[in-house]
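Asks: Provided below are the primary sequence and the corresponding predicted coordinates.
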Amino acid sequence: MAKLELKNLNKTYTPKVIPVKDVSLSVEDGEFLTLLGPSGCGKSTILRLIAGLEEPTRGQVLIGERNVTGVRPGDRNIAMVFQSYALYPHLTVYDNIASGLKLKKTPSEEIKQRVAEAANVLGLEELMNRKPGQMSGGQRQRVALARALVRRPDVFLLDEPLSNLDALLRERVRAEIKQLFAAQKVPVVYVTHDQTEAMTLSSKVAVLNKGDVQQLDAPELIYNNPANVFVAGFVGSPQMNLLTLSCQGNHASLGNFKIPLPKMPTVPHNIVLGIRPENVHLAKPEDTNIIKGRIFLVENLGMHYLISVRVDSSEKEEIIVRALVPIQQKWSGEEINLVLPNESIHWFNVQTGDAMVKPSVASQLV
């Protein structure tokens, strides 16, 4: 068992190209950490720094309290699963899985035992004599996972392993990965830009942007209490409504409507209101503080419609609110009354983007 720690990890290529900026985090035994962010945010570079495929400009990588920053990749006792699977096309499934053990000159009987165990866990017993070209994408992915499992490493690293699979296969393999690594009891670091993978697989998530960790938290806290505007807008599908509003007194103005502000030391001139579409409700007769608007776009999501509403406003700039409504109701160009529950609203600083006040009641739809 080995804890993984990154201490002030930095990678600088040029003064203007810094993909990793002083990242510090830890992953305990049995924890599944996902590095989540858009392309170019530094998540794959962090993975390569952990693996030893790149050297940090400064900072340390520790595995089980052992500083491995200057240690060769082969001596770090890690296993890595690549996006491209990286299987040897001329070798059988058995030989692909056993390749790393053979390089370490593991006794042949032990190799057979470990390969058999991994094949049984991943359902590969009937494929052992096939070559990668004779298998589907999902089967090749399981072979790559098996090759990592037999290593019995101190840390597992996975670099977007599902990105080459179709949607249905990705769901199935994602479920397999969750069960598989829950039983390993070692740190797992998983890289993806897919928030669904991050939310469903992880015990904690690090959201990155431009080399910085924006928030490191449990998935439900990332979703319900985003630390800033970037996290709020990146995590969640459909995306959170983020509206820049002017403030007067103790209210923010949404078009011609007033939304009460929470208590804060000083009221800013402008503020960013955030609310997830699933928390925007259709108004009932008894509701107050109703927001009126007109629907201009309807998107069928299967279980719900996603509607985009232009809010009544005396200003030239259009204010658009997106809401999820039941599939039984059909909307097209109609006027609509909406309610934005105060307990579901997030407030962010316009200048810094940081959260100013957290919602008093977290969403239950995670």
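Replies: All right, it came through fine. Residues are numbered from 1 along each chain as shown.
Asks: so what's residue 138 scoring on pLDDT?
Replies: Model confidence at residue 138, given as pLDDT, is 83.
Asks: err, residue 290, not the other one
Replies: In this model, residue 290 carries a pLDDT of 87.
Asks: from here on, count from 16
Replies: Understood, numbering begins at 16; the last thing we discussed is residue 305.
Asks: isn't it right next to residue 353, touching?
Replies: Yes: in this structure, residue 305 is within contact of residue 353 by C-beta atoms under 8 Å, at 7.1 Å. All C-beta atoms are positioned from the backbone trio N, CA, C, and that covers glycine.
Asks: neighbour count for these two, which is higher?
Replies: Under the criterion of other C-beta atoms under 10 Å, the comparison of residue 305 against residue 353 puts residue 353 first, with 20 against 13.
Asks: what sits in contact with each of residue 305 and residue 353?
Replies: Common neighbours of residue 305 and residue 353 (criterion: C-beta atoms under 8 Å, 6 or more residues apart in numbering): residue 298.
Asks: any low-confidence regions in the stretch 116-265 of the chain?
Replies: Within the stretch 116-265 of the chain, no range satisfies pLDDT under 70.
Asks: where does the stretch 266-381 of the chain dip in pLDDT?
Replies: Low-confidence segments of the stretch 266-381 of the chain (pLDDT under 70): 328-334, 342-348, 372-381.
Asks: and the strands in the stretch 216-365 of the chain, which stretches?
Replies: Assigned by DSSP state E, counting those that start in this stretch, the strands in the stretch 216-365 of the chain fall at 219-224, 227-232, 256-263, 266-269, 272-275, 285-290, 296-297, 306-315, 319-326, 335-341, 350-354, 361-363.
Asks: any chance of JSON lines for those strands, columns distance to residue 245?
Replies: Below are the strands of the stretch 216-365 of the chain laid out as JSON lines (distance: least, C-beta to C-beta, whole Å):
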{"stretch": "strand 219-224", "distance to residue 245": "5"}
{"stretch": "strand 227-232", "distance to residue 245": "5"}
{"stretch": "strand 256-263", "distance to residue 245": "10"}
{"stretch": "strand 266-269", "distance to residue 245": "21"}
{"stretch": "strand 272-275", "distance to residue 245": "23"}
{"stretch": "strand 285-290", "distance to residue 245": "11"}
{"stretch": "strand 296-297", "distance to residue 245": "26"}
{"stretch": "strand 306-315", "distance to residue 245": "24"}
{"stretch": "strand 319-326", "distance to residue 245": "22"}
{"stretch": "strand 335-341", "distance to residue 245": "19"}
{"stretch": "strand 350-354", "distance to residue 245": "26"}
{"stretch": "strand 361-363", "distance to residue 245": "10"}
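Asks: quick check: angle from the helix or strand containing residue 206 to strand 219-224?
Replies: Element membership of residue 206, judged by DSSP states H and E, is strand 203-207. The directions of strand 203-207 and strand 219-224 differ by 40 degrees, with axes from the mean of the first three to the mean of the last three C-alpha atoms, to 10 degrees as the criterion.
Asks: contacts for strand 203-207?
Replies: Contacts of strand 203-207 (C-beta under 8 Å, 6+ apart): 19, 42, 46-51, 58-59, 61-62, 65, 170-178, 196, 212-213, 216-217.
Asks: ok, of those, which come out buried?
Replies: 19, 42, 46-51, 58-59, 61-62, 65, 170-177, 196, 212-213, 216-217 (16 or more other C-beta atoms under 10 Å).
Asks: so which of those residues sit within helices?
Replies: Counting by DSSP state H, the part of the buried ones among the contacts of strand 203-207 found in helices is 58-59, 61-62, 65, 196, 212-213, 216.
Asks: out of those residues, flag the one nearest to residue 285.
Replies: Nearest to residue 285, judged by C-beta to C-beta, of these is residue 213 at 31.1 Å.
Asks: so what's that closest one up against?
Replies: Contacts of residue 213 by C-beta under 8 Å, 6+ apart are 49, 51, 205, 207, 220, 234, 250.
Asks: and residue 126, helix, strand or coil?
Replies: In terms of secondary structure, residue 126 is helix; the call rests on DSSP: H, G, I helix; E, B strand; the rest coil.
Asks: is it true that it touches residue 117?
Replies: Yes: taking contacts as C-beta under 8 Å, residue 126 lies within contact range of residue 117: 6.8 Å.
Asks: okay, those two: which has more neighbours?
Replies: Ranked by neighbour count (other C-beta under 10 Å), residue 126 and residue 117 place residue 126 first, with 20 against 11.
Asks: got the domain ranges for the protein?
Replies: Structural domains assigned to the chain are 19-247, 248-372, following automatic domain parsing.
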